[in-house]
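K.L.:
fold the following for me, if possible:
(2 chains)
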Amino acid sequence: MPEGARDGAEVGRETDGNGGDVNDREEGSGLTRRALIAGAAAAAGGAITAGATRGLVQEAQDPTKVPGARPVTVGSRSPHETPEKLLSGSMGGSSRTPLQDLHGIMTPADLHFERHHHGIPYINPATYRLLIHGMVDRPTLFTLEDLKRFPQVSKLLFIECSGNGGGAYAPSPSPQHTPQSVDGLLSTSEWSGVALSTLFEEVGAHADATWFLAEGSDAAVMGRSIPMEKAWDDAMIAYAQNGEAIRPEQGYPARVFLPGWEGNASVKWVRRIELSDRPGMYRDETSKYTDPLPDGTARQFSFVMDAKSIITYPTYPRRLPGPGFIEITGYAWTGRGLIERVEVSTDGGDSWHDAVLQEPVLPKCTTRFRHAWEWDGGPAHLLSRATDETGYTQPVRQQVLDARGPGTRYHSNAIRGWRGASDGSIEFAPVCGAPTGSRGC
Amino acid sequence: MRRANGVSRLLTLGAVVPALAACGAGDFEGGVEAGNAAPGATAVATTDPGNGTPGRAGAAEPVYGFGTPATASQIAAWDIDIGPDGAGLPPGQGTVAEGLEVWERHRCILCHGPTGREGPNDLLTGRIPGDEFPFANDRTLRSTVGNYWPYATTLFDYTRRAMPFDLPGTMTDEEVYAVVGAMLYFNDLLPADAVVDSATVVDTRMPARDRFVPDNRTGGPTIR
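P.N.:
Sure thing, here's the model as predicted:
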């Protein structure tokens, strides 16, 4: 709508804080020309563009003095809100959630992180089938509608790439890291679907099946082997995310979902599950997603994501807003159940304070924490550390180095930190030494 | 994966599976401790089918009756995985020499270089002196087929399903045997005149074969 936009711009230049541009008011109508144009734009432009258009056209208008816009069939963000995923250049493709732009614990579906191993496939839900076979009495093909007829389970759960946080584990991590670039391979959604145990009951799983092999219908036909115990515990085939169908980049129309476990094992676009008495030794559980150890071995099938936390405000690239009250906030999460405690330090670990855990606090879900801080305007070093219900406390980097050596790349969960200066700048600065008295790497 | 008659049912994580099967929701303590009873032991062990902890069985009859019985041909069309015991390997064979032709014809060379060492994408070739496994202690080391992959069966499986990158899953079984042979040849694991068939893929002993151990993280206060 070039005319409307131009009109809005011109008017905006003239308008005062009350929106009282009397020159623009059409005699006798009580309506402004801009509002009429905005209305026409919405009607002509259709639902997709109406929101953005009316925002631009009405920017300078007193919203109490013009009729509001009409409902649209599909909503959109305010044109003033433009959170974006951060894309990486890897061939398989990944994108990171803008953790620093979010509130609460939920991730909008269009900001959910991605990690693909051969792109996002197009799948027609009408022809989609899930095959379950192998060590079962009744090999079965399920349509999407079949899956939706079973009793549903639905939970708020995080999912995190096993490689998340690897940047923080580097010997000299960039001070220009953001929460998104460090830990953005983490998202939280309400996942709805059918319990895998329901399906394994239905097909007559054999008691001596100890693993199930799951494969996707992406171009890598990506596969992982999962212990059967996870199926009988809390694994699901998910077909919905935050109330709507799973998005293509999250595995549409159906995916495996393994609460609390490394994201790679939650196979997207799942088309085949085979019950077996041994793992398949797929590429992504041998050459990848294994963790070298200092004794010359590599940890395999290291599924659980251990406790982790990250402050998301105040952090780079934002600045400290000025001395006085600052609410430090962030996420904590653990694949082993509940977050029991989050502590925050503002002095590089010399002293720690219990943060407030915001409800809801749910197992295998992100927990939002808050800490009221009175900044004195001096140098500060903000840290957070999470403790889960097993008594596991997020380690400092040196503890991880001692246990796994410098070459490990997955499951990086050492304490993250942010160093603030008197000028209000604040940059990424994890600690590496002992939790008490440490002054960074 | 379809197990061929006579193929060894050797491979399961015998030490791990009963352990995991014994643990409940969110509690891996008992299970992983059991799985870690022999620290440093190879993850892969022989398994007597009667040796594992009995698991849970599904229902004797369908509970809801949703879904359609899958036919043998429907299963065969998707059942493409190759087990570490070689189960699922197709008939056929190729040679290293043919594999080097495939390497160029299917443009493997564009991503992995003339000998799998040159990139620009995943490094495939390279051994470590003594076939040591110092990856945890040297962050600059890069893993390859020759120094990290524990099974050649995985190489066949992954190459057949996912490569070449721009036309995944389009090579014939013979081409896959041949190009797997080329990659094993690049890593000094097969001679230049080798013929590659299912037995070769199963019998090629990968240098990192015994390097993998079960997860011993348990929660609780210990950092592992």
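K.L.:
helices of the stretch 201-350 of chain A, residue ranges please.
P.N.:
Secondary structure of the stretch 201-350 of chain A (DSSP state H, counting those that start in this stretch): helices at A:228-233.
K.L.:
identify the bridge partners of residue A:140.
P.N.:
Residue A:140 has these beta-bridge partners by DSSP bridges: residue A:132, residue B:69.
K.L.:
give the contact list for it.
P.N.:
Taking Cβ atoms under 8 Å, 6 or more residues apart in numbering or on different chains, we find residue A:140 in contact with A:131, A:132, A:133, A:202, A:203, B:67, B:68, B:69, B:70. In this view, the C-beta of every residue, glycine as well, is placed from N, C-alpha and C.
K.L.:
one more time with 6 Å, if that's ok
P.N.:
Neighbour list for residue A:140: A:132, A:203, B:67, B:70 [criterion: Cβ atoms under 6 Å, 6 or more residues apart in numbering or on different chains].
K.L.:
do the same with residue A:430
P.N.:
The neighbours of residue A:430, taking Cβ under 6 Å, 6+ apart as the test, are A:168, A:416, A:417.
K.L.:
which of those has the weakest pLDDT?
P.N.:
Lowest pLDDT of these: residue A:168, 86.
K.L.:
that one belongs to a strand?
P.N.:
No: under DSSP: H, G, I helix; E, B strand; the rest coil, residue A:168 falls outside any strand and is assigned helix.
K.L.:
is it true that it touches residue A:182?
P.N.:
Yes: judged on Cβ atoms under 6 Å, residue A:168 makes contact with residue A:182 at a distance of 5.1 Å.
K.L.:
would you mind listing what in the stretch 201-350 of chain A touches chain B?
P.N.:
Applying Cβ under 6 Å from any Cβ of the partner chain, we find that the stretch 201-350 of chain A lies next to chain B at A:201-205, A:207, A:210, A:219-221, A:227-229, A:232-233, A:272, A:277-278, A:280-281, A:283, A:286-287, A:292-294, A:296-302, A:336-337.
K.L.:
where does the prediction get shaky in the stretch 251-400 of chain A?
P.N.:
Along the stretch 251-400 of chain A, no part satisfies pLDDT under 70.
K.L.:
just give me the neighbour total for residue A:222.
P.N.:
25 (other Cβ atoms under 10 Å in any protein chain shown).
K.L.:
on that earlier part again, format the contacts of residue A:430 as JSON lines; extra columns: distance to chain B and neighbour count.
P.N.:
Written out in JSON lines, the entries for these read as follows (distance: Cβ to the nearest Cβ, whole Å; neighbours: other Cβ atoms under 10 Å in any protein chain shown):
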{"residue": "A:168", "distance to chain B": "14", "neighbour count": "23"}
{"residue": "A:416", "distance to chain B": "16", "neighbour count": "29"}
{"residue": "A:417", "distance to chain B": "18", "neighbour count": "28"}
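K.L.:
residue A:323: which of those is nearest?
P.N.:
For residue A:323, the closest of these turns out to be residue A:417, at 20.4 Å, with distances computed as Cβ to Cβ.
K.L.:
what distance do you get for the closest one to residue A:427?
P.N.:
When Cβ to Cβ, to the nearest Å is the yardstick, residue A:417 and residue A:427 sit 10 Å from each other.
K.L.:
make a markdown table from the contacts of residue A:430 and add distance to residue A:332 to it.
P.N.:
Formatted as a markdown table, those follow (distance: Cβ to Cβ, whole Å):
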| residue | distance to residue A:332 |
| --- | --- |
| A:168 | 15 |
| A:416 | 11 |
| A:417 | 15 |
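K.L.:
can you tell me the SS state at residue B:158?
P.N.:
Taken by three-state DSSP, the conformation at residue B:158 corresponds to helix.
K.L.:
so it touches residue A:282, yeah?
P.N.:
No: under the contact definition of Cβ under 6 Å, residue B:158 does not touch residue A:282, with a separation of 7.4 Å.
K.L.:
of the two, who's got more company?
P.N.:
residue A:282 (27 against 23).
K.L.:
if I look at the more buried one, how far off is residue B:149?
P.N.:
With the distance defined as Cβ to Cβ, residue A:282 ends up 11 Å from residue B:149.
K.L.:
next: residue A:319.
P.N.:
Using Cβ to Cβ, one obtains 47 Å as the distance from residue A:319 to residue B:149.
K.L.:
looking at these two, which is more packed in?
P.N.:
More neighbours sit around residue B:149 than around the other of residue A:319 and residue B:149, counting by other Cβ under 10 Å; the figures are 24 against 14.
K.L.:
burial measure for the closest residue to the more buried one other than its chain neighbours, as a count.
P.N.:
What sits nearest to residue B:149 in space, not counting adjacent residues and going by Cβ to Cβ, 6 or more residues apart in numbering or on different chains, is residue A:287, at 5.0 Å. The burial count assigned to residue A:287 is 22, neighbours taken as other Cβ under 10 Å.
K.L.:
please name the residues that touch residue 215.
P.N.:
Unless you meant another one, I'm taking chain A. Residues in contact with residue A:215, defined by Cβ under 6 Å, 6+ apart, are A:221, A:223, A:272.
K.L.:
other chain: chain B
P.N.:
By Cβ under 6 Å, 6+ apart, the contact list for residue B:215 reads A:299, A:301, A:302.
K.L.:
any idea of the mean pLDDT for stretch B:106-125?
P.N.:
95.
K.L.:
from the chain's centroid, how far away is it?
P.N.:
Stretch B:106-125 has its average C-alpha position 20 Å from the chain's average C-alpha position, going by Cα atoms, centre = their mean, to the nearest Å.
K.L.:
stretch A:329-348 now?
P.N.:
A distance of 16 Å separates the C-alpha centroid of stretch A:329-348 from that of its chain, computed with Cα atoms, centre = their mean.
K.L.:
how about stretch A:235-244?
P.N.:
Relative to the chain's own centre, stretch A:235-244 is displaced by 15 Å; criterion: Cα atoms, centre = their mean.
K.L.:
that older thread, so how do I select the buried members of the residues of the stretch 201-350 of chain A next to chain B in ChimeraX?
P.N.:
The command below creates a ChimeraX selection of those among these that count as buried (16 or more other Cβ atoms under 10 Å in any protein chain shown):
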select /A:201,202,203,204,205,210,219,220,221,227,228,229,232,233,272,277,278,280,281,283,286,287,292,293,294,297,298,299,300,301,302,336,337
